[in-house]
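Participant: task: produce atomic coordinates for the following.
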Amino acid sequence: MTAFKPGDPLTLNRLYGRSTGHKLRQGQQELVERLLPQIEVPAEGEITAARLFGEDRPLHFEIGFGSGEHLASRADMLPDHGFIGAEPFLNGVATALGHIRDQHLTNVRLWRGDALDVLQRIPDGALSFLYLLHPDPWPKARHAKRRMVNDRPVDLFAAKVRPGGEFRLATDDPTYLNWSLMVMQRHAGAFEWLAESPRDFLEPPGGWIETRYGAKSRREGRRPYYLRFRRTAG
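Facilitator: Next comes the predicted model:
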């Protein structure tokens, strides 16, 4: 497996598209200015549970948390675990901060920016769960290299998720589904797909929190797919 360190070229040119949308409401702007600095992932150095939460505990990491409803719900469900979320879109960060405030969550840390920048600074084998829910599918073939599920990022995922831990992926895009299964098959020595029948990836498993995007997808007649991969000991 490839060794990773801060500054690895994997981090370069990973963010595409806009990072801001409509102007934040006053309350949202105040959350960004006051709450975010209190719970922000440090910009430098190793990222450990002890550094973020003052003690060792199971760590979860969500890549591109959108509006943060999944991140907040999982953190509320598992108060003794630590959660890290990375999202470049400012409006999503502001909404997530609202969930954290309203639910009085003390076990969440946020990063506004590229998830891979933070993921590389987490010790190998430190994550119990890694989530990638409804990522941008980049449907055009010439943009396939921009997809988060690609060989180099998956190598990084394998390095950071502990044996027995889970990588969870959701998408409603059939092309992205097929692409992801193809890529993950190339990493079958590191990840075991936890599906024995179609039902196992056509319906969310127990404890899976549906995102706002996932619910919208269902309402609009698209089928979300739910993929779970267990990190093997190999």
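
Participant: how much space separates Ala115 from Tyr213?
Facilitator: Taken as Cβ to Cβ, to the nearest Å, the spacing of Ala115 relative to Tyr213 amounts to 17 Å. To be clear about C-beta, it is placed using only N, CA and C from the backbone, and glycine gets the same treatment.

Participant: the more surrounded of these two?
Facilitator: Ala115 (26 against 17; other Cβ atoms under 10 Å).

Participant: so that one sits against Ile47, correct?
Facilitator: No. Taking Cβ atoms under 8 Å as the definition, Ala115 is not a contact partner of Ile47, at 11.7 Å.

Participant: span of stretch 156-164 from start to end?
Facilitator: The separation between the terminal residues of stretch 156-164, taken as Cα to Cα, to the nearest Å, is 16 Å.

Participant: centre of the chain to it, how far?
Facilitator: Here stretch 156-164 shows a centroid-to-chain-centroid distance of 13 Å under the convention Cα atoms, centre = their mean, to the nearest Å.

Participant: buried ones in it?
Facilitator: 156-162 (16 or more other Cβ atoms under 10 Å).

Participant: now do it, average pLDDT.
Facilitator: Per-residue pLDDT values over stretch 156-164 give a mean of 98.

Participant: which outside residues touch it?
Facilitator: Surrounding stretch 156-164, the residues in contact under the criterion Cβ atoms under 8 Å, 6 or more residues apart in numbering are 1-4, 10, 61, 116, 119-120, 122-130, 167, 187, 190-191, 230-233.
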